Structure formats: structure tokens, C-alpha cells
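Participant: Return atomic coordinates for the entry below.
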Amino acid sequence: MAWAPLLLTLLAHCTGSWTQSVVTQPSEVSKPVNKSVTISCTGSSSNVGVGGVSWYQQLPGSVPKVLIYGSSARPAGVPSRFTGSRSGNVASLSISSLQAEDEADYYCSVGDHSLKAHKCGTTVSKLTHCSRPVGK
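Facilitator: Alright, predicted model coming up:
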């Protein structure tokens, strides 16, 4: 497999509909295939700090799939290279040995696990896609 860098583009912050909770993420990280990456959602003691963080992966043209629930539990069928953790007000999704098929959107969900109400997005895409106009 040829070396192919992946670009992680992270939303600066997102707002949940309940009590105007905000969780934040770093803006951008670039990693090559076969390297590891950690995506973090930083919140407060009223959302992330309470636990119950879920992570979702949404492949292009597909519905979101649960990768992690309860901060660190992995459903059957999810590869072990996806791991979740939480320390205080920070929840993290780690992906070891990034693969081309990891090109997707990743969402952190806190509180009542309502992806619609509380989501933070992380887009993982091949570097060659960066120059495409938004919406194409």
C-alpha cells in the first residue's frame, strides 16, 4: 500500500441544544496512513465530565455508525484499533494504524446520546481531497 497522508479537519466547537453546552476540539491535524491519531472533545463537568460519551463514524453516503459508547465500550464488529477514553472533562477517540477506509466524519456525542442535539464533527479525508471546493 502506498503512503498516503490523511488530513484531520476538526470543527472549532459545536453547541448542544441542551443548556447551551459547548464542547471544543483542535482545529486541524495531519497524519499519514498507518500512523495513530487521537481526536478529543473537551467539555465541562455538566456534559463530557458526567460521562456517557459516544463516538460515531459516518462514511460518505452512509448513516452514522456507533464506534464507542459509554466513553470506552466498543460494539461488536468495530475494529480494536478504535478506542475511546475519558479523563475529567475530555473525551478522546484514538485510531491506531490509520487506513484509507477511515476517510469519514467522526462525531462526539455527550449527554443523552442524541447525535442530532449534541455533535462535534471531525472529518478525516485524504490530503488530495483538500483542494476540492466545499460542497463538491
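
Participant: average pLDDT across stretch 37-51?
Facilitator: When the per-residue pLDDT values of stretch 37-51 are averaged, the result is 77.

Participant: Let's see the distance spanning it from one end to the other.
Facilitator: Using Cα to Cα, to the nearest Å, the end-to-end distance of stretch 37-51 comes to 22 Å.

Participant: got any ranges where this protein has weak pLDDT?
Facilitator: Along the chain, segments meeting pLDDT under 70 span 1-30, 46, 49, 111-136.

Participant: The same query, at a cut-off of 50, please.
Facilitator: In the predicted model of the chain, residues 1-20, 112-120, 125-136 satisfy pLDDT under 50.

Participant: Show me where it has its strands.
Facilitator: With DSSP state E applied, the chain shows strands at 5-10, 13-15, 22-24, 28-32, 37-42, 54-58, 65-68, 82-87, 90-95, 104-109, 120-126, listed in chain order.

Participant: If anything else comes up later, I'll come back, but that's it for now.
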